[in-house]
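K.L.:
Predicted model, plus sequence, below.
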Amino acid sequence: MLDFKVKIGLVPDVRDLFDFATRKGIFEPAKGVENKDKVLKYIKENFADDITEFCDLEWLNELGVVYKNSDCDKVCDYLKEQKVDAIFIINCNFGNEEVCGQIAKKMGLPVLLWGPQDMVFEENGQRYTDAQCGLFAISKQLRRYKVPFSYIENCPVESDIFKDGFNKFLKVVTMIKNFKNLNVVQVGTRLTPFKSVMYNELELTEKFGINVNNYNMAQVEAKFKKCFTEKQDVLKQEVIELKEKYDTAGLDEETLLKMMNFVHVYKEIFEDTGASVLSSECWTAMPLAFGANPCLAMSILYDMGYIVTCESDVHGAITNALLTCASRGKEATTFGEFTVRHPENKNAELLWHCGPFPYSVKDKNSKAKLFNTKPSFKAKDGQYTIARFQGDNGNYTLLGGNFKTVDGPVTFGTYMWAEFKDWAKVERKMIEGPYIHHMSEIYGDYKEVLEEFCKFVPGLTFDPVE
C-alpha cells in the first residue's frame, strides 16, 4: 500500500561572520535565532500530525542553527540517520548560501526554500536580518549544484501564503517518497484487445526505479477458491451490508458472494506481494474463471486505501497512486475514461467507467445500483483534478489539469460530466498526443502539486491538459 507519512528535516541557517559572537545590528545572530524559534514553534504547532513529523538542529550548537561550512557533513549525517524524506531550508537572516547548497546537494532529497519576511525597521533605520536578500543568493547556489527545489514567497510564517506553500510541499514530498519506491503488481496478463494500455516495464525500472511484478491467473484462481471457502460467514455479512447501499435486484446470492470475495482476494495479493498498487485483468478472464466481475471490489477497495486499477492499465495505476499521494490519502481517485461528448455542451465530456469509482464520490442524490453486476451511479459535483502518466517513444509526461462537473444525461456505470475551457483542443491533444482515453481523477485542485512534483523527477515532464 501507499505510505502517506513524511518526515521533514528543518534546516535553519544564519550568516557566518568574523565577529559572529559579538555582532549587533544587521545580520545579528541573535535576531536570526529569534526568527528560527518563532518559525519552528509555529510549524510544529500547526503542521505536525499523525502523518507529518519534523526534526531540527537544536542539537547542533547553542543556537540551533547551521552557519559553519565545517558542519555540513555533521548535519547531513544526522538527517540521514533520522531518515528524513525532504529538507526545509529556513533562511533566518542573510544566511550562508554555501552551507545550504552543500547540504541540499549531499542529501539528494526534495528541498524547500523560504525565509521569513523582515517586519522590523527601527526609527534610526536599523534592519536586522535581510532574509529575502539571502534567499536570492541561496537559490543561485542550488541552481549551480543542479538541485531542484520548491520555493515559498518571502512572507510572514503566519500568512496564508506560507500555509498554502508548505502544504503543497508536503503533498509533493508524499508523491516523491512513494513514486521512487513504487511497486506495481500486474494481476493476470494484459487484456488482449487493449493494445492502448501497453507499457515498457524495462523503461519504468531504468528511468524511475519503479518495480513491476506479476501475479498470474493460476495464483488468483487458487486464492479465490481458498478465500471463498474460508470466508463464507464474512462474505454473507458483507452481502447484507452491500444491499443496504446498492439495489442488487436481478443478482443471485452466489454471484454477490463471489463479487465480494474479490475484495479479500485483492487484499491478500497486496499482502503477498508488498504491492503499492495493483493493475488488474478484469472483464475477460475474471468472469470466465469465477463467474463474476471484480469492478465492485475495486470500488470498495479504493475507499479502503487499496488501489486496484482495471483493464491492465499500469500507467493508470501509477497515475492513481500519484493523485492519491497528492491528497495525502484524504481523497480516493476515480478512473474515468473519455467516452462521449455532451449532446448539448460543446465543452463537456463524459468521464465514465464500468463501475470502479469509489462509493465515497457518489452524488448523494444518485441511487446506487448494480448494473450488469457492476456499480452504477453518478459522481458528486465539484472541481476535480485530472491526470495521466504516460510513456511514448521513450519520453514520459504527466498530463494534469482541472475541470468542473456539469449536468448531463443519465447513463449506466460510474460517471461524471466534465466541462473544460475548450474541449476541442483537449480532444485534439488526445488524438495527436501520447495519451490514451483512460484518465485518473480526484476531487479537489492538485494541478500545481502535480506540476511541482515533476520538477523533482528527472525524465518526467508536466503537460497541462489545456
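P.N.:
Received the coordinates, thanks.

K.L.:
what's the closest non-adjacent residue to F27?
P.N.:
The spatial neighbour of F27 that comes closest, neighbours along the chain excluded (C-beta to C-beta, 6 or more residues apart in numbering), is R15 at 4.8 Å. Where you see a C-beta, it was placed from the backbone N, CA and C, and this is true even at glycine.

K.L.:
Over to F403?
P.N.:
Take F403 and drop its neighbours on the chain: the residue closest to it by C-beta to C-beta, 6+ apart is A418, 4.3 Å away.

K.L.:
ok so the one you found is a helix residue?
P.N.:
No. A418: not assigned to a helix; according to DSSP: H, G, I helix; E, B strand; the rest coil it is strand.

K.L.:
tell me, how many neighbours does Q237 end up with?
P.N.:
12 (other C-beta atoms under 10 Å).

K.L.:
so which strand or helix has it?
P.N.:
In this structure, Q237 sits in helix 232-245 according to DSSP states H and E.

K.L.:
Which elements pack onto that helix?
P.N.:
Identification of packing neighbours for helix 232-245 by 3 or more C-beta pairs under 8 Å, 6 or more residues apart in numbering; DSSP states H and E yields helix 253-273.

K.L.:
my guess is the residue nearest to F403 contacts W352, does it?
P.N.:
No. With contact taken as C-beta atoms under 8 Å, A418 and W352 are classed as non-touching, separated by 10.1 Å.

K.L.:
what about those two, which has more around it?
P.N.:
The residue with more neighbours, out of A418 and W352, is A418; 26 against 22, by other C-beta under 10 Å.

K.L.:
residues touching that one, list them.
P.N.:
Under the criterion of C-beta atoms under 8 Å, 6 or more residues apart in numbering, the neighbours of A418 are A348, E349, L350, L351, Y384, I386, F403, K404, T405, V406, E441.

K.L.:
Am I right that the last one falls within a strand?
P.N.:
Same thing as E441. Yes. Under three-state DSSP, E441 falls within a strand.

K.L.:
and it, how many neighbours does it have?
P.N.:
When neighbours are counted by other C-beta under 10 Å, E441 comes out with 24.

K.L.:
Then the third one?
P.N.:
Counted by other C-beta under 10 Å, the residues lying close to L350 total 20.

K.L.:
Could you shift the numbering so residue one becomes 539, and keep it that way?
P.N.:
Sounds good: first residue 539 from here, last item L888.

K.L.:
Report all helices and strands that the helix or strand harbouring it contacts.
P.N.:
Secondary-structure assignment from DSSP H and E places L888 in strand 886-891. Contact here means 3+ C-beta pairs under 8 Å, 6+ apart; on that basis strand 886-891 packs against strand 875-879, strand 952-957, helix 961-970.

K.L.:
Next, the residues that contact the helix or strand that that strand is followed by from outside, please.
P.N.:
Scanning forward in sequence from strand 886-891 by DSSP H and E, the next helix or strand is strand 907-909. Strand 907-909 is contacted by residues Y784, D785, T786, A787, L789, L834, G893, S914, F915, F950, G951 when judged by C-beta under 8 Å, 6+ apart.

K.L.:
Done for today, thanks.
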